[in-house]
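J.: Quick one, structure for this:
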Amino acid sequence: MNDANPEPNTKVLYNDQCPVCSYEITHYKGYSERCDLPIRFDDLNTEAAHWGMDADVAAQRLYVEKDGQLLSGMPAFRALWTEMPRYRLLARVTGWPLVRPLSELAYDRVLAPLIYRWHKRRQARGVSA
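T.: Take a look at the predicted model:
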């Protein structure tokens, strides 16, 4: 990250104990570091309180703070993808009028709940990422 901007305008709160979340965010984090992008990635298991959130609530979906605005779900992904040149097209496509509601429905009703339930089952069994 560029030293001229020590506090990035884009911050990501993710669940590092969830294998799906960790895998995806590790990829974005590596890409961000290689491209020297001003994005901060916080693990909710250690940083949720700094975000003013309960860790269990934060584990239910992706959260991104962009320019002081807290976003969650697909809007959070779009804000993150917009910051990364490789993913800007994906951000635009998922924001198209016909695609946006479908992508948000798929994330909100299928993907996020499924991943969260899987995470809770792993926690109950004492399995770490």
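
J.: and the strand or helix carrying E33, what does it pack onto?
T.: For E33, the host element (DSSP states H and E) is helix 19-34. If contacts are counted by 3 or more C-beta pairs under 8 Å, 6 or more residues apart in numbering; DSSP states H and E, helix 19-34 sits against strand 10-14, strand 39-43, helix 112-125. C-betas here are computed from N, CA, C, even on glycine.

J.: Kindly export the longest one (C-alpha atoms) in CSV.
T.: Right, helix 112-125. Presented in CSV, the C-alpha positions along helix 112-125 are these (Å, rounded to 0.1, in the frame of the first residue of the first chain):
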residue,chain,number,x,y,z
ALA,A,112,-24.4,-16.5,2.2
PRO,A,113,-26.8,-18.6,4.3
LEU,A,114,-25.3,-21.9,3.0
ILE,A,115,-21.7,-20.8,3.7
TYR,A,116,-22.8,-19.5,7.1
ARG,A,117,-24.5,-22.7,8.1
TRP,A,118,-21.5,-24.7,7.0
HIS,A,119,-19.3,-22.4,9.1
LYS,A,120,-21.5,-22.9,12.1
ARG,A,121,-21.5,-26.7,11.7
ARG,A,122,-17.7,-26.6,11.5
GLN,A,123,-17.5,-24.4,14.6
ALA,A,124,-19.8,-26.8,16.5
ARG,A,125,-17.5,-29.7,15.6
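
J.: Now do it against helix 19-34, angle only.
T.: Here the directions of helix 112-125 and helix 19-34 differ by 110 degrees (axes from the mean of the first three to the mean of the last three C-alpha atoms, to 10 degrees).
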